[in-house]
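Q: Okay, predicted coordinates and the sequence, questions at the end:
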Amino acid sequence: MALTPLTNEYTRQTWALADIMGPMKGASSHAVNKLLGRKGTVWQEESFDRVLRSNEDVNEKLSYILHNPVRAGLVKRAREYPWLWTASPTLFDYVPPQP
């Protein structure tokens with residue numbers, strides 16, 4: 001997942017990743033457990049975050065995320081995976097520069 005955290009309008013500080021991910025993980029784990037008829041942990045406690053400083057870095061990381069289902073052998077093309085969304089569909093075709 002890639003996101004740009006919003007700024008809390010009252011404190012003028014950027015929302016912490018834990019404050020963003022906590023409700024998302026909670027709601028989705030309840031839904032997953034209900035669907036599977038079970039109880040228990042779905043998500044790991046930690047979150048990994050990284051600040052991206054250039055447009056090239058952003059495109060490279062987003063392309064990497066979008067192509068995870070291809071690398072996992074779930075689909076042949078990232079566009080075929082129904083659970084992906086991007087505001088920039090051209091990222092499905094982005095090929096990062098080679099070092």
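A: Sure, I can see it.
Q: Near D93, how many other residues are there?
A: Look at D93: counted by other CB atoms under 10 Å, it has 11 neighbours. C-beta: built from backbone N, CA, C; applies to glycine.
Q: Show me which residues of the lowest-mean-pLDDT helix or strand in the chain are buried.
A: Evaluated with mean pLDDT, DSSP states H and E, the helix-and-strand set of the chain has its lowest mean pLDDT in helix 55-66, which scores a mean of 81. Applying a neighbour-count criterion of 16 or more other CB atoms under 10 Å, the buried positions in helix 55-66 are 59-60, 62-63, 66.
Q: Also stretch 16-31?
A: By neighbour count, with 16+ other CB under 10 Å as the criterion, the buried positions of stretch 16-31 are 20-21, 25.
Q: got a list of contacts for that stretch?
A: In this structure, residues lying in contact with stretch 16-31 by CB atoms under 8 Å, 6 or more residues apart in numbering are 3, 5, 41-43, 47, 49.
Q: Where does the record place the domain boundaries for this protein?
A: Here the domain assignment for the chain is 1-49, 52-99, based on automatic domain parsing.
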